[in-house]
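A.B. asks: With the input below, show me the fold.
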Amino acid sequence: MIKLNNEVVTFTSFPNGETKLEQSGLIILTHNKIVFKYENDGDLIKLMFLKKYLDTLKVICSLTIMYMPYSRMDRSENDSPFTLKYVTEYINLLQFYSVELVEPHSDVSIALLNNCRANYIDFELLKLVIREIDFDIEQDYIMFPDAGASKRYSKMKYKNVIVGDKERDFQSGEIKEVSLHGNFKGSGKKVIIVDDLSSYGGTFVKSAKALRDKGFNEVYLLVAHAENSIFKGELFNHINKVFTTNSIVSEQNHWDNLKYKEQLKIYELEEVL
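C.D. replies: This is a model prediction of the structure:
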């Protein structure tokens, strides 16, 4: 999905599968804002068609990327393809006036994109979650599932903080367990796990089990980005409620996922930005 100045851009296909940009309904300004939601690789072609067309009109364009595609492929290991670098080079060639990246997975994406700034929306989302679950700042806890998340959100100054330490299987890379580090002052409290992204949610399942072993009755998860795979794992069996945005997830209304409706809150990203 691509929006131009708050309106969804329409693309159709020719009989042979080629993409056609329907320019007749476009609202074009002197300085234009494009919002890009990646759903498949074809969206990158659509973004290029739109930007190139706007270039012919000699107008300025800024880009907001709801979730940076390929952001987990942020290095080359054992000569593996550095796909994040390839995608950022493609976007850089389009020469946007500025690029806003929502809750990047790592600093690599920011460094690779020209004229880029990060928008760490979990800071604002956490305030919304705290109000919704009646979180007690004096008694309840925030948890970061690993050192990376703890560093990313180090400016979240809350009284009670837990940091996880993941133990992985050396050969498979699978997370065996998560140990907890923090000042535990009792049981029966609420805890919000905060991170940037969830796929199947294995880290958060292990975290939730460890937290419940410490006596926490209510375990919540806040992630800026959630893939549709959250519906396929064990996440909802261990988390009271998942809070995320519509930056990736799109299958929440499928009939077999509606059973999680009360355990899932999806914020409209553009309303939060």
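A.B. asks: Within its sheet, name the partner strands of the worst-scoring helix or strand of the chain on mean pLDDT and how each one runs.
C.D. replies: Least confident helix or strand, the chain: strand 175-182 with a mean of 84, by mean pLDDT, DSSP states H and E. Partners of strand 175-182 in the sheet, by DSSP bridges, are strand 161-168 (antiparallel).
A.B. asks: Identify each buried residue in the partner strand, please.
C.D. replies: 161-164, 166 (16 or more other CB atoms under 10 Å). Using the backbone N, CA and C atoms, a C-beta is placed for each residue, glycine as well.
A.B. asks: gap between stretch 232-245 and the chain center?
C.D. replies: A distance of 15 Å separates the centroid of the chain from that of stretch 232-245, by CA atoms, centre = their mean, to the nearest Å.
A.B. asks: and the closest residue to Met66 other than its chain neighbours, which of the three is it?
C.D. replies: Excluding the flanking residues, the one nearest Met66 by CB to CB, 6 or more residues apart in numbering is Ser247, at 4.0 Å. The local conformation at Ser247, judged by DSSP: H, G, I helix; E, B strand; the rest coil, is coil.
A.B. asks: next one: Pro81
C.D. replies: Pro81 ends up coil, using three-state DSSP.
A.B. asks: Let me know whether it touches Tyr70 as I believe.
C.D. replies: No. In this structure, Pro81 is not within contact of Tyr70 by CB atoms under 8 Å, at 9.6 Å.
A.B. asks: between these two, who's got more neighbours?
C.D. replies: A side-by-side neighbour count of Pro81 and Tyr70, using other CB atoms under 10 Å, places Tyr70 first with 18 against 10.
A.B. asks: Kindly confirm my reading that that one is in a helix.
C.D. replies: No. Tyr70 is assigned coil when assessed by three-state DSSP, not a helix.
A.B. asks: Show the model's pLDDT score for it.
C.D. replies: pLDDT, Tyr70: 94.
A.B. asks: Can you mark which positions in stretch 53-69 are buried?
C.D. replies: Residues of stretch 53-69 classed as buried: 54, 61, 63-69 (neighbour count, 16+ other CB under 10 Å).
A.B. asks: quick one: which of those sit in strands?
C.D. replies: Within those, residues falling in strands by DSSP state E are 61, 63-65.
A.B. asks: Looking at these, which is nearest Phe236?
C.D. replies: Distance ranking of those against Phe236, using CB to CB, places Ile65 first at 27.9 Å.
A.B. asks: Touching, that closest one and Phe96? I think so.
C.D. replies: No. Between Ile65 and Phe96 there is no contact under CB under 8 Å: 9.9 Å.
A.B. asks: quick one on the thing from earlier: so what does the residue nearest to Met66 have for phi and psi?
C.D. replies: Main-chain dihedrals, Ser247, degrees, to the nearest 10: phi -70, psi -30.
A.B. asks: do Val249 as well
C.D. replies: Backbone phi and psi, for Val249 under degrees, to the nearest 10, turn out to be phi -60, psi 140.
A.B. asks: for it, what are its contacts?
C.D. replies: By CB atoms under 8 Å, 6 or more residues apart in numbering, the contact list for Val249 reads 226-228, 230, 266.
A.B. asks: which of these are buried?
C.D. replies: In those, the ones that pass as buried (16+ other CB under 10 Å) are 226-227, 230.
A.B. asks: With pLDDT, secondary structure and distance to His105 added, can I get those in JSON lines?
C.D. replies: As requested, the buried ones among the contacts of Val249 are exported to JSON lines (pLDDT from 0 to 100; DSSP: H, G, I helix; E, B strand; the rest coil; distance: CB to CB, whole Å):
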{"residue": "Ala226", "pLDDT": "97", "secondary structure": "strand", "distance to His105": "13"}
{"residue": "Glu227", "pLDDT": "96", "secondary structure": "coil", "distance to His105": "12"}
{"residue": "Ile230", "pLDDT": "97", "secondary structure": "helix", "distance to His105": "16"}
